[in-house]
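J.: Here is the input, now give the coordinates:
(2 chains)
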Protein chains: 2
Amino acid sequence: MPDHAPPAADPSLITAFRDILGPAGVLAEPGDIAPHLSDWRGLYQGEAMAVLRPASTAEVAACVKLCAQQGIAIIPQGGNTSMVGGATPEARPRQVVLSLARMNRVREVDTADMTMTVEAGLVLARAQQVAAEHGVLFPLSLGAEGTAMIGGLLSTNAGGNTTVRYGNARELMLGLEVVLPDGSVIHGLRRLRKDNTGYALRHLFVGAEGTLGIITAAVLRLFPAARETATALCAVPSEDAALALFRRFRTADEGAVRAFEYMSGIGMGMVLSTIEGATLPLSARADHYVLVDLSASREGAGLRGLMETVLEAAMEAGEVEDAALAESEAQRAAIWRLREEHPEAQKRAGASVKNDVSVPVSAVPELIRRASDACRALIPGSRPVPFGHMGDGNIHMNLAQPEGMSASDFLARSHDIMDVVNEVVRDLGGSFSAEHGIGRLKTDMMESWRGGAELDAMRRIKAALDPRGLMNPGKLLPDA
Amino acid sequence: MPDHAPPAADPSLITAFRDILGPAGVLAEPGDIAPHLSDWRGLYQGEAMAVLRPASTAEVAACVKLCAQQGIAIIPQGGNTSMVGGATPEARPRQVVLSLARMNRVREVDTADMTMTVEAGLVLARAQQVAAEHGVLFPLSLGAEGTAMIGGLLSTNAGGNTTVRYGNARELMLGLEVVLPDGSVIHGLRRLRKDNTGYALRHLFVGAEGTLGIITAAVLRLFPAARETATALCAVPSEDAALALFRRFRTADEGAVRAFEYMSGIGMGMVLSTIEGATLPLSARADHYVLVDLSASREGAGLRGLMETVLEAAMEAGEVEDAALAESEAQRAAIWRLREEHPEAQKRAGASVKNDVSVPVSAVPELIRRASDACRALIPGSRPVPFGHMGDGNIHMNLAQPEGMSASDFLARSHDIMDVVNEVVRDLGGSFSAEHGIGRLKTDMMESWRGGAELDAMRRIKAALDPRGLMNPGKLLPDA
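T.: Residues are numbered from 1 along each chain as shown, chains lettered A, B, ... in the order given. Below is the predicted model of the structure:
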């Protein structure tokens, strides 16, 4: 049950919002609002007096100004795919959800500058598609790409599969347009690789999870399309062998590695037993797997040869037991599917607790081993399912429930599980949130991980830009 | 003449600083202080009661705390190579220069993680050398690398020759240690590619020019060393041809272009006539030149073949008139020297006004043409000497004095010259400061270029983190 009664919709306010946005821009009926009040994982449920759906930056600014005048809190929402409850309202009065979904235009694609200017509500898959239609690449790639929107991806500095090569969302952004908490607008849609003119405000809004303002549009970087790819699934004898293989590829051709993904034997087993049509293109099951994806914009780059040379040397060194190279786009997709179905397979295997953590790349093997051991010791019979982006140090150190246990008994231990994993992460110099952010799920970890001068500086910045605390309250920063 | 009398050194304060830093850590004699009071271009001259030379982060923090208590302003200084007076004190009382020069240790080099943890006073050339000794690359490269220090390079988000491939200083940084204006310390030396845990404070300090705190150490990214390079000097018929050639290389192999530098016929002429030993490796002089530098970490990358293929196609298309490929490291260095001696040659050709500006890459030809015309119209006989980083849109749109004019008459027109260049830059969606920052030289341009919501947000952040305005006063932000 929510802490507060649902907010009564103030009719004069709804009228004022409709005056700005027109009837189609304001959802005020409970049935229309409802889909915007829960996160997709089903962890959080909140309230809002209305859902605002502005179609332009000017409309966003006018709404924000009105909310500032009336002391109404705003929860910016894109695709609402946050893993940590970052875009869902809390149960508190006098607040609105502001959906960017109608701001979904591609304002400009410039293949001379290799930039694309898009609005916050553009879905990532559509951004990828538009780039491809222009013969170029927008490289950000992650599981929720069919739903997640550019504004949310930037607000959470999304990572995904290609960080090892192209960086996170932050590194794919050159300029931002932002509506500040007082309704003023930063017109920062610059398309410049070099621009040292004061504080890098755009980098403050990226990753701020909507707590400092609302990103309404962005200039994104484009890259030449891949002319060649080579993809392999490898069985490797250990976590250390997986890391050694990554280092081999990085040394052989730093720029070629587009993704380097680790999967455990347990996780792959769940995929093979629960996902229809999933088959292992190797002669036998293994305890550890690696997906290597190479790509190059150069014609005749010889990636197939590079792949074979490196794998041969790794096999001789005992770092690779078996490997399957994709011979077609269909085989490449089938290999990627084994990786991408990990979350779904875990879901089918019962309840699981997700730990999105990172460590220095060199510490990934130790993270996997020590965190798995700690989880098994905490809950006997539980099944560690580590997988993810070994090449950038980000492992989803997830834990599936023991087969006999009830889901609710297992989930009651969520925080204990996060604690034992985080203890290992901290010891290895890592981070308790790699790519998903803080949202509502991890605010109570901020004091212990970022407390002192760092958290104090964050609070000062929040107070400076949003003195009344109206932007996405309850997210990112813990209550003071 | 300075506006104020030189500050009287308060003996009890000097004693207090000596108690923290020891006798070697405090310079208080005018002769010892003097070298720290002027910028290297000779544009600015200021005052300070002492130069503090801490040797550790704890010492920096203790000094800053004492200054905060006593209301003493601090001018952080690295190599003091700012082109815009960013590290030189103003003429005002009660301030100290805080030199990072003694904090010059390499704390750790980790070739598994490809990171290097270094202190702020490490000279860039030394950082490059340490990386090379470990068989890896720290790619930041610029003219002042023999003097400029890591702390200053990060505080100004330095760019240089390799931005087209590796990004600016910001993109080469993973973590920072920072002493805040109240003397508290942010211990952010994390070595993580993914870490979404609150506001990206490190990106706020990068480019803040020491106005929000003092960077004392940083985690830098390392890259595999180049196994192959290919370098060419090309004569091209026009600015448009130069851009077309860049696009050819980017399309052929995006990752191979390490630098792509434009030089004008006038500038090259100055180098050839004033720099001893400079010779043109081409059959005839041209109006426009391009230096293309390719590199790859992959063995047998075939860059020579790539270079020849692209240049041949460009010649057939009329985009390249003549080209010389370096056949040895000595020839490569000789080609680079023609580019690197541009500032010195300009100096020898008389007074010049420097305009460090950027535009979207596609607009570089128009920038060069229109800004050159505007300069010539403003001061008949003046010689535009545009050169620089075409691949990232950053051109040094410099202007040399007419041969007959006196230097002082010419320099009296500095602001008029900057104004006509900036008018073109603004029209093309560019920036009035690409890689040198604001410092003291360009604070009066901030209102017109970044005024409104953007500058207001910067001021709020400054007030939030440095409420008494003690950190590098007079720099970056214009007086309110």
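
J.: what's around A:A252, how many residues?
T.: 20 (other C-beta atoms under 10 Å in any protein chain shown). In this view, the C-beta of every residue, glycine as well, is placed from N, C-alpha and C.

J.: With A:E108 instead?
T.: Neighbours of A:E108 (other C-beta under 10 Å): 13.

J.: quick one, phi psi at it?
T.: Reported as degrees, to the nearest 10, the phi and psi values for A:E108 are phi -170, psi 140.

J.: Could you report the separation of the residue nearest to it when sequence neighbours are not counted from A:L222?
T.: Excluding its sequence neighbours, the residue lying closest to A:E108 (C-beta to C-beta, 6 or more residues apart in numbering or on different chains) is A:T117, at 4.4 Å. Distance of A:T117 to A:L222, given as C-beta to C-beta, to the nearest Å: 11 Å.

J.: which residues do those two both contact?
T.: Residues touching both A:T117 and A:L222 (C-beta atoms under 8 Å, 6 or more residues apart in numbering or on different chains): A:V109.

J.: circling back: surely the residue nearest to A:E108 is within a strand?
T.: Yes. The assignment for A:T117 by DSSP: H, G, I helix; E, B strand; the rest coil puts it in a strand.

J.: Identify the residues contacting it.
T.: So A:T117 contacts A:V106, A:R107, A:E108, A:V109, A:D110, A:L189, A:R191, A:A217, A:A218, A:V219, A:L220 (C-beta under 8 Å, 6+ apart).

J.: top of the residues you listed by neighbour count?
T.: A:A218 (31 neighbours).

J.: How about it: which residues does it bridge to?
T.: A:V118, A:L176 (DSSP bridges).

J.: Can you give me the pLDDT of it?
T.: With respect to pLDDT, A:A218 has a value of 98.

J.: do the same with the one 10 residues further on
T.: We note a pLDDT of 95 for A:E228 in this prediction.

J.: ok, now A:V118?
T.: 98.

J.: cool, the one 10 residues further on as well?
T.: On pLDDT, A:Q128 comes in at 98.

J.: How about A:H187?
T.: pLDDT, A:H187: 98.

J.: repeat for A:E90
T.: At A:E90, pLDDT is 93.

J.: same question, the one 4 residues further on
T.: Among the per-residue scores, A:R94 holds a pLDDT of 94.

J.: Neighbours of the closest residue to it other than its chain neighbours, how many?
T.: Closest residue to A:R94 apart from its sequence neighbours, by C-beta to C-beta, 6+ apart: A:I72 at 5.2 Å. Neighbour count for A:I72, taken as other C-beta under 10 Å: 22.

J.: if I pick A:I72, what's in contact with it?
T.: A:L13, A:M49, A:L66, A:R94, A:Q95, A:V96, A:L470.

J.: Where does the prediction get shaky in chain A?
T.: Low-confidence segments of chain A, defined by pLDDT under 70: A:1-9.

J.: what's A:I74 sitting at in phi/psi?
T.: Torsion angles, degrees, to the nearest 10, at A:I74: phi -120, psi 130.

J.: before we move on, the earlier item: nearest to A:A349 among the contacts of A:I72?
T.: Lowest distance from A:A349 to the contacts of A:I72 (C-beta to C-beta) belongs to A:Q95, with 37.2 Å.

J.: Tell me who's in contact with that closest one.
T.: Applying C-beta under 8 Å, 6+ apart to A:Q95 gives the contacts A:P7, A:E47, A:A48, A:M49, A:I72, A:A73, A:I74, A:I75, A:P89, A:P473.

J.: so it bridges to which residues?
T.: With DSSP bridges as the rule, A:Q95 is bridged to A:A73.

J.: Skipping its backbone neighbours, what lies nearest the closest residue to chain B within the stretch 201-350 of chain A in space?
T.: At 3.4 Å from chain B, A:H203 is the closest residue in the stretch 201-350 of chain A, using C-beta to the nearest C-beta. Nearest-residue entry for A:H203: B:H203, 3.4 Å, with adjacent residues in sequence omitted and distances by C-beta to C-beta, 6+ apart.

J.: would you say the one you found is within a helix?
T.: Yes. Under three-state DSSP, B:H203 falls within a helix.

J.: Could you report the neighbour count for it?
T.: So B:H203, with other C-beta under 10 Å, has 22 neighbours.

J.: how close does it sit to B:M173?
T.: B:H203 is 9 Å from B:M173, by C-beta to C-beta.

J.: do the same with A:R248
T.: Using C-beta to C-beta, one gets 27 Å for the distance from A:R248 to B:M173.

J.: between the two, which one's more packed in?
T.: With other C-beta under 10 Å as the criterion, A:R248 and B:M173 differ in neighbour count, and B:M173 comes out ahead with 23 against 18.
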